[in-house]
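S.K.: Structure for this input, please:
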Amino acid sequence: MDFNYYQQLAQLTDRVPSKSAGAAGIDLMVPLLGLAGETGELLSEYKKRLRDGDSHLRFKEKICEELGDLLWYIANVAEKSGLSLEDVAQKNLEKANGRWGHGDTSATVFDESFPEQEKLPRKFEIKLDEVNVEGKVKIRMLMNDVQIGDYLTDNADDPDGYRFHDVFHLAYIAVLGWSPVIRSLMKRKRKSAPDIDEVQDGGRAQVIDEAVVALVFDYAKEHNWLEGVTALDYKLLRTIKGVTSLLEVKARSPGEWQKAILLGFEVWRKVLKSNGARLLIDQDSRSITYAEGEESSMV
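M.R.: Next comes the predicted model:
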């Protein structure tokens, strides 16, 4: 049966339609309370199944009935909220696919049409190591034996490994094909397109890139640095999607963000343990790989 047709038919049995006398507020409250009540009925049937096992002969029939009641109330809430049940179902599938499905948007390469010198390299190697600068240990990042970016420390009273946070930017490049911060450090901003250079590669985009890293880092700090974690809080992913909604990376799905974050922390934990490493970034395979580096050079 067509969802929208069902929605129309369901309204014919509505006892508190929106246009009825005194319906203001009550018309929507009734189906909302109905959803809560029918959810309880559904749980009650499952409780009986747990208690009685196969002797609950009408389990399937009763589950079908309770699901049908829930569907009626959902259709009623949708109708009174000015929503199409068909659209609700479609948007839900899109959300679920982006979160748990394939959600592969890698066919969209953000700098594909730009000159080679303005593209992020598809495959490259980065070295992170400790160096002694004026008596203080700091982290430097090298690409082709040339330092890119400034020396980094944790910038915190209690060392927490944030000095290696460039790993996360690199993971974003590997999985998402995006990091305004690293693009700037590599001097690969898309200056041939002034609007892209200003909006997608400019200061605001770089601040957002850093903000996402800081947000996720604080989240990970409260969750054992994501060790053993296979799925992130959807609220976190939704927040990231929100703060990046004006940038090209909005094309990437929550599932792809999750992969980038989890992969980044998997590598970061190894880098932190060894105080440096060589990292192999491959956009084609959407991977960032840890490789043991040379001993830290103190200069």
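
S.K.: what ranges do the helices span in the chain?
M.R.: 3-11, 26-52, 59-80, 85-100, 166-176, 180-185, 194-199, 203-221, 234-243, 254-274 (DSSP state H).

S.K.: Where does pLDDT dip in the stretch 151-299 of the chain?
M.R.: 293-299 (pLDDT under 70).

S.K.: I'd like to know how many residues surround E256.
M.R.: 23 (other CB atoms under 10 Å). Yep, even glycine has a C-beta here, placed from its N, CA and C like the rest.

S.K.: correct me, but it touches T108?
M.R.: No: E256 is beyond contact range of T108, at 10.8 Å (criterion: CB atoms under 8 Å).

S.K.: Ramachandran angles for S192?
M.R.: phi -70, psi -10 (degrees, to the nearest 10).

S.K.: Would you mind measuring from it to A174?
M.R.: 24 Å (CB to CB, to the nearest Å).

S.K.: between the two, which one's more packed in?
M.R.: Using other CB under 10 Å, the more surrounded residue of S192 and A174 is A174, with 26 against 12.

S.K.: Just checking: what are the partner strands of the strand ranked longest in the chain?
M.R.: Longest strand of the chain, by residue count under DSSP state E: strand 123-133. Paired with strand 123-133 in the same sheet, following DSSP bridges, are strand 136-143 (antiparallel), strand 277-282 (antiparallel).

S.K.: Convert that strand to CSV, retaining C-alpha atoms only.
M.R.: Output of strand 123-133 as CSV, limited to C-alpha atoms (Å, rounded to 0.1, in the frame of the first residue of the first chain):
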residue,chain,number,x,y,z
LYS,A,123,49.1,9.5,-2.0
PHE,A,124,51.8,10.9,0.2
GLU,A,125,53.9,10.3,3.2
ILE,A,126,54.2,12.4,6.4
LYS,A,127,56.7,12.1,9.1
LEU,A,128,56.0,13.2,12.7
ASP,A,129,58.9,13.3,15.1
GLU,A,130,60.1,15.0,18.3
VAL,A,131,62.7,17.8,18.2
ASN,A,132,64.3,19.9,20.8
VAL,A,133,63.7,23.6,20.2
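
S.K.: partners of R278 in the sheet?
M.R.: K127, A291.

S.K.: didn't it look like it was pressed against M141?
M.R.: No: counting by CB under 8 Å, R278 stays clear of M141, with 11.2 Å between them.

S.K.: Report the set of residues contacting both of the two.
M.R.: I126, K127 (CB atoms under 8 Å, 6 or more residues apart in numbering).

S.K.: Of the two, which one has the most company?
M.R.: Of the pair R278 and M141, M141 is the one with more neighbours under other CB under 10 Å, namely 24 against 17.

S.K.: list the contacts for the more buried one?
M.R.: I126, K127, L128, Q147, I148, G149, L152, D166, L185 are the contacts of M141 under CB under 8 Å, 6+ apart.

S.K.: Check S287 too.
M.R.: Contacts of S287 by CB under 8 Å, 6+ apart are A174, L263, L280, I281.

S.K.: Tell me what it is bridged to.
M.R.: D282.

S.K.: How much space separates it from R122?
M.R.: 12 Å.

S.K.: got it, and T239?
M.R.: With CB to CB as the criterion, T239 and R122 are 30 Å apart.

S.K.: now P159
M.R.: Distance from P159 to R122, by CB to CB: 34 Å.

S.K.: So which of the two has more stuff around it?
M.R.: R122 (13 against 10).

S.K.: Give me the phi and psi angles of the more buried one.
M.R.: phi -70, psi -40.

S.K.: State the pLDDT value of it.
M.R.: You'll see R122 listed with a pLDDT of 97.

S.K.: tell me the contacts of the nearest residue to it once chain neighbours are set aside?
M.R.: Nearest residue to R122, sequence neighbours excluded (CB to CB, 6 or more residues apart in numbering): Q283, at 4.7 Å. Contacts for Q283 were tallied using CB under 8 Å, 6+ apart; they are L120, P121, R122, K123, I173, A174, G177.

S.K.: could you flag which of those residues are buried?
M.R.: L120, I173, A174, G177 (16 or more other CB atoms under 10 Å).
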